[in-house]
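>>> Any chance you can model this:
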Amino acid sequence: MPGGRLTQQERQQIARGLADSLPYAEIARRLDRPTSTVTREVMRNGGPAAYRADLAHRATEHRAHRRRTNAARGPGSAHQPDGRDTEAVAAYEEAFTTVLMTSGLNRMAARVLTCLYTTDAGSLTASELVQRLQVSPASVSKAITFLEAQSLVRRERDEHRRRDRYVVDDDLFYQATIASARANDQLVETARRGAAVLGSGTPAAARLENIARFLDFISESITRAAEQAREVLRTAPAPSPADAPATRPDQRNQTD
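Numbering: from 1, shown residues only. Down below sits the predicted model:
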């Protein structure tokens, strides 16, 4: 199995495979590469519908050049706290971004969210995001607008610096989950309205009613699970028996 970076010819084969609607596993088999390599390559370069071999190759060369430049400046320039390995952090951020893209986020939104989650403070200003990601303010603004609409980022006003900060925390996953459940509720209502329009007892109405019942059950289960998870995670763990003070024999006798 060949190692190293994908060549331009391999990227062209990936593009042809996508045009022929081949699955990632088949494209990878033809290249004698891991399926994960092909999946990561496609998702970090626009997804299956927007992948272009030449653009992907240039983007990879640009990232490699940027890493070499950072390395040449010395370890202090990367500003990695707590002695973190700069290359390991960069590789992890790229992997995290790819996973977020496979879940449905576009690349810029995924990069912004990754940047926020891997920042110790859990919050950054727009200008800090621009500097860290080396992109335009418009790109960051568009990504933030999308992430806010999905309840994945919260905006807070930094009065001291007179600018907004964008925050991620544990509660945002709860809010995003509840928002997803509410989207299901809209589908349930629409399906049941369609069942009424198409007429009770008809196959089409029965089909829509089954869809509504299924989504209704899923929505209720998601909401209940999210509430339970938040309650459990916010509750301090009970002390273990080993931490409890030992009871003296005379105290047990008094209790008995």
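>>> I'd like to know how many residues surround the closest residue to Val135 other than its chain neighbours.
Nearest residue to Val135, sequence neighbours excluded (C-beta to C-beta, 6 or more residues apart in numbering): Met108, at 7.1 Å. All C-beta atoms are positioned from the backbone trio N, CA, C, and that covers glycine. Burial of Met108 is recorded as 19 neighbouring residues (other C-beta atoms under 10 Å).
>>> What residues does Tyr166 make contact with?
112, 116, 123-126, 129, 144, 147, 153-156 (C-beta atoms under 8 Å, 6 or more residues apart in numbering).
>>> related to what we said a few turns ago, what lies in contact with the helix or strand harbouring the residue nearest to Val135?
Secondary structure assignment for Met108, by DSSP states H and E: helix 107-117. With contact meaning C-beta under 8 Å, 6+ apart, helix 107-117 is reached by 44, 46, 93, 96-98, 100-101, 105, 122-124, 129, 132-133, 135, 139-140, 142-144, 146-147, 152-153, 166-168.
>>> which parts of stretch 20-39 are buried?
Leu22, Tyr24, Ile27, Ala28, Leu31, Arg33, Thr37, Val38, Thr39 (16 or more other C-beta atoms under 10 Å).
>>> Pick out the most distant pair among the residues you listed.
Across the buried residues of stretch 20-39, the longest distance by C-beta to C-beta is 15.0 Å; it joins Leu22 and Thr37.
>>> one step back: top of the contacts of Tyr166 by number of neighbours, please.
Going by other C-beta under 10 Å, Val112 tops the contacts of Tyr166 with 30 neighbours.
>>> Tell me the secondary structure of Ala121, please.
coil (DSSP: H, G, I helix; E, B strand; the rest coil).
>>> and it, what pLDDT?
With respect to pLDDT, Ala121 scores 86.
>>> Would you quantify the distance from it to Val168?
10 Å (C-beta to C-beta, to the nearest Å).
>>> which one of these two has more residues nearby?
Neighbour count, other C-beta under 10 Å: between Ala121 and Val168, Val168 has more, with 21 against 9.
>>> Where does the prediction get shaky in the stretch 1-150 of the chain?
1-3, 62-82 (pLDDT under 70).
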